[in-house]
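J.: Quick one, structure for this:
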Amino acid sequence: MNIDFNKNSDGLVPAIIQDINTKNVLMLGYMNEEALEKTKISGLVTFFSRTKNRLWTKGEESGNVLNLVDIQLDCDKDTLLVSVNPKGPTCHKGTDTCWNEGNIQSFGFLSKLEDVISSRIENTDAQKSYVASLFAKGINKIAQKVGEEAVEVVIEAKDNNDNLFLEESADLMFHYLILLQAKGFNLNDIVNVLKAREK
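T.: Predicted structure coming up:
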């Protein structure tokens, strides 16, 4: 790894710390050659503290260490992307990240849709919201609707109309997300089950 430690007069390069599983950025620190070498040897992310003017291993006092998974160098050879498995909160203030965010797996639009479904269930009059009205009918009706949508996906899969297949697949996904919430779960729970099956 040909890192340009001489680009700055202090011999430090930024190290962006990213959770290997959630892909969330947890913090930003700085490394010199010695910190990088110690990180590689120990398997625990070590920085150079500009305020203490010494090496410090994240979690050396709190126990909230960053277990090294991988290090990548950017195209300019002066910034590191460090993938980690964090143990406990990363920020010294006790939060998951230094931006006061939870280190939660996000699935982009699907996570946003989960939030919308949740808000409709909690805050919307059943007469004005399809989600709230379906939820009000109970688990049996929600499960029945998922079954109906699944059958429609199977039917469209056997035909040649890709648009209808995708439309029915979207309906199935939407209703499945409602069912998950009706059972008290979300996509992260399903992902955890799938991860546990990984060999």
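
J.: roughly how far is stretch 128-135 from the heart of the chain?
T.: 29 Å (CA atoms, centre = their mean, to the nearest Å).

J.: cool, stretch 110-125 as well?
T.: With CA atoms, centre = their mean, you get 19 Å for stretch 110-125.

J.: Give me the contact list for it.
T.: 129, 131-132, 135, 173-174, 177-178, 181, 186-187 (CB atoms under 8 Å, 6 or more residues apart in numbering). All C-beta atoms are positioned from the backbone trio N, CA, C, and that covers glycine.

J.: Those residues into a markdown table, with extra columns for secondary structure?
T.: Shown next, in a markdown table, are those (DSSP: H, G, I helix; E, B strand; the rest coil):
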| residue | secondary structure |
| --- | --- |
| Ser129 | coil |
| Val131 | helix |
| Ala132 | helix |
| Phe135 | helix |
| Met173 | helix |
| Phe174 | helix |
| Leu177 | helix |
| Ile178 | helix |
| Gln181 | helix |
| Asn186 | coil |
| Leu187 | helix |
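
J.: what comes up buried for stretch 67-78?
T.: 67-68, 71, 78 (16 or more other CB atoms under 10 Å).

J.: Let me know the closest of the residues you listed to Leu36.
T.: Nearest to Leu36 among the buried residues of stretch 67-78 is Ile71, at 7.7 Å by CB to CB.

J.: For the closest one, what are phi and psi?
T.: Backbone dihedrals for Ile71, given as degrees, to the nearest 10, come out at phi -130, psi 130.

J.: oh, and call the first residue 111 from now on, that's how I've got it
T.: Got it, the first residue is 111 from now on, which makes the last one we talked about Ile181.

J.: Format the contacts of stretch 220-235 as TSV; extra columns: distance to Trp209 and pLDDT.
T.: Output for those, formatted as TSV (distance: CB to CB, whole Å; pLDDT from 0 to 100):
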residue	distance to Trp209	pLDDT
Ser239	33	89
Val241	31	93
Ala242	33	91
Phe245	33	92
Met283	30	97
Phe284	31	98
Leu287	27	97
Ile288	31	97
Gln291	27	96
Asn296	22	94
Leu297	22	94
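
J.: from the buried residues of stretch 177-188, which two are the most distant?
T.: Asn177 and Asp188 (24.7 Å).

J.: Tell me if I'm right that Leu122 and Asn163 touch.
T.: No: look at Leu122 against Asn163 with CB atoms under 8 Å: they stay out of range, at 11.5 Å.

J.: So for the two, which sits in the more crowded spot?
T.: Using other CB atoms under 10 Å as the criterion, Leu122 and Asn163 rank with Leu122 on top: 19 against 7.

J.: which residues does the closest residue to the more buried one other than its chain neighbours contact?
T.: Spatial nearest neighbour of Leu122, excluding adjacent residues (CB to CB, 6 or more residues apart in numbering): Tyr140 at 4.2 Å. By CB under 8 Å, 6+ apart, Tyr140 lies in contact with 122-125, 157-158, 160.
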